[in-house]
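Novice: fold the following.
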Amino acid sequence: MARTTERSCHVPMGSRAAALVSVLSALGSACEASQAQQSAPVLVRAENPIGVGPRDRVIVLDAPTGARREIYRSEGQIADQVAVSPDGRYVAFAEVVGSEPAAEGRLTLLALSGQVVRTIKSAENRGLRNYVWCCDSDRIAVITGSSREDPAFRPETLHIVDVRTGEEKNVESIWRPLQAAWAAFDSSLYIKGAPPPEARGKPGGPWPVYRYHAPSGRLSTTTHRGIFFSPDGSYYFDPSVEGAPFRLYRTIDDQDVTATLTLPSEQVRWGPEFGWMPGADHALLFLDRPPRVPLRPGQPRAPPRRLDPNVPQVYPDRWNLALDAETGRIIDRFQGDIGAGWKTNASALVVERRTGVELVRPRRR
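Specialist: Below you'll find the model as predicted:
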């Protein structure tokens, strides 16, 4: 089973920035030899210059030198975290430009040089719902739906855009697609949609999950309950289960195996930045919160602390858990912020610690 390793080599950086760590292989090769044999990974983040507030620029952290480089500044604000293409050539992000009610939402596709390769603007009464790199490094899947002025937002269209040519291919026969996720293990895009009209009035039934096989262009309906598959494809989870933070399923028979996870529920939290550990077979990531210490009789509560707006809101001291989906056991516990917004094309987990930004790769036993 995969396990994280923290053997690392540090590259010095400035006081605000961090050191980028190149993780040694299990054989213990020297840092210089490891970097020479592998191309440098791409690390990108959307951020605000003071670390808090609306994000308005895209920053690249250069692996060989540890330097930070601004490659894009928005005229408005970047609405979400960036997504890096598998080969590291492109960065995608949603941004909002202008003020309401004339604000314009768009998906910006950026080359690592900072050149805007393509902009996908929202059509009239349409809004951007979801996007994910898929199929290859030149294509991105985009879900659009009714505009935000419509209180009953309904995603309706999934199309795959060629970054180079701008050609769009609609994926037909999906009733109101809601979520999309790329599964490299079988070269397929999985899509979760709303129940079709004929399923209305039948509560409790699963929402359909579709499989779009990229090499053949074939769309099929599956028996799966979610779309977020482990790197090896053995398990998947669904984060949108009513009344529960998520559910874990075994792919081969769609069996709910959530109960096998050894989670102290009062301490562990599932969040949007968590999921499968990159490069591992099927290791899930959770935030491990220390238990609250009850107040003694008569002990006053600590006064609330005001956050300094000039200090980046990164949490390098928090603890994370990695669990093996097969056994349900905790296989690693490590410190650092895995939700600081850094994205990479490497099969590694980006962790921001007090010592800097690190790439943590799984180690095979």
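
Novice: from Leu110, how far off is Val44?
Specialist: To Leu110, Val44 is 9 Å away according to Cβ to Cβ, to the nearest Å. C-beta: built from backbone N, CA, C; applies to glycine.

Novice: I meant to write Ser220 there.
Specialist: Taken as Cβ to Cβ, the span from Ser220 to Leu110 is 33 Å.

Novice: neighbour count for the two, which is higher?
Specialist: Leu110 (21 against 10; other Cβ atoms under 10 Å).

Novice: give me the beta-bridge partners of the more buried one?
Specialist: The partner list for Leu110 in beta bridges (DSSP bridges) reads Val91, Val116.

Novice: try Phe286
Specialist: Beta-bridge partners of Phe286, as defined by DSSP bridges: Leu321.

Novice: and the gap between it and Ala183?
Specialist: 22 Å.

Novice: again, but for Gln255
Specialist: Distance from Gln255 to Ala183, by Cβ to Cβ: 19 Å.

Novice: with Ala67 instead?
Specialist: Per Cβ to Cβ, Ala67 is found 35 Å from Ala183.

Novice: who's more crowded, the two?
Specialist: Ala183 (20 against 14).

Novice: which residues does the residue lying closest to that one once chain neighbours are set aside contact?
Specialist: Of all residues beyond its chain neighbours, the one nearest Ala183 is Phe229 (4.6 Å), with distances taken as Cβ to Cβ, 6 or more residues apart in numbering. By Cβ atoms under 8 Å, 6 or more residues apart in numbering, the residues touching Phe229 are 181, 183, 185, 190, 235-236, 251, 276.

Novice: bridging residues for Phe229?
Specialist: Going by DSSP bridges, Phe229 is paired in beta bridges with Tyr236.

Novice: Leu261 versus that one, what's the distance?
Specialist: Counting by Cβ to Cβ, the gap from Phe229 to Leu261 is 17 Å.

Novice: kindly report the same for Ala83.
Specialist: For Ala83, the distance to Leu261 - Cβ to Cβ - is 28 Å.

Novice: same deal with Val142?
Specialist: From Val142 to Leu261 the distance is 33 Å (Cβ to Cβ).

Novice: before we move on, what SS does Trp207 have?
Specialist: At Trp207 the chain is in coil, as set by DSSP: H, G, I helix; E, B strand; the rest coil.

Novice: residues contacting it?
Specialist: Contacts of Trp207 (Cβ under 8 Å, 6+ apart): 178, 192-195.

Novice: same thing but at 6 Å, please
Specialist: 192, 195 (Cβ atoms under 6 Å, 6 or more residues apart in numbering).

Novice: I'd like to know how many residues surround Arg329.
Specialist: Neighbourhood size, Arg329 [other Cβ under 10 Å]: 13.

Novice: so which residue of the chain lies furthest out from the middle?
Specialist: Here the centre of the chain is the reference, and by Cα atoms, centre = their mean the most remote residue is Gly298, at 44.3 Å.

Novice: measure that residue to Val209 for me?
Specialist: Distance, Gly298 to Val209, using Cβ to Cβ: 55 Å.
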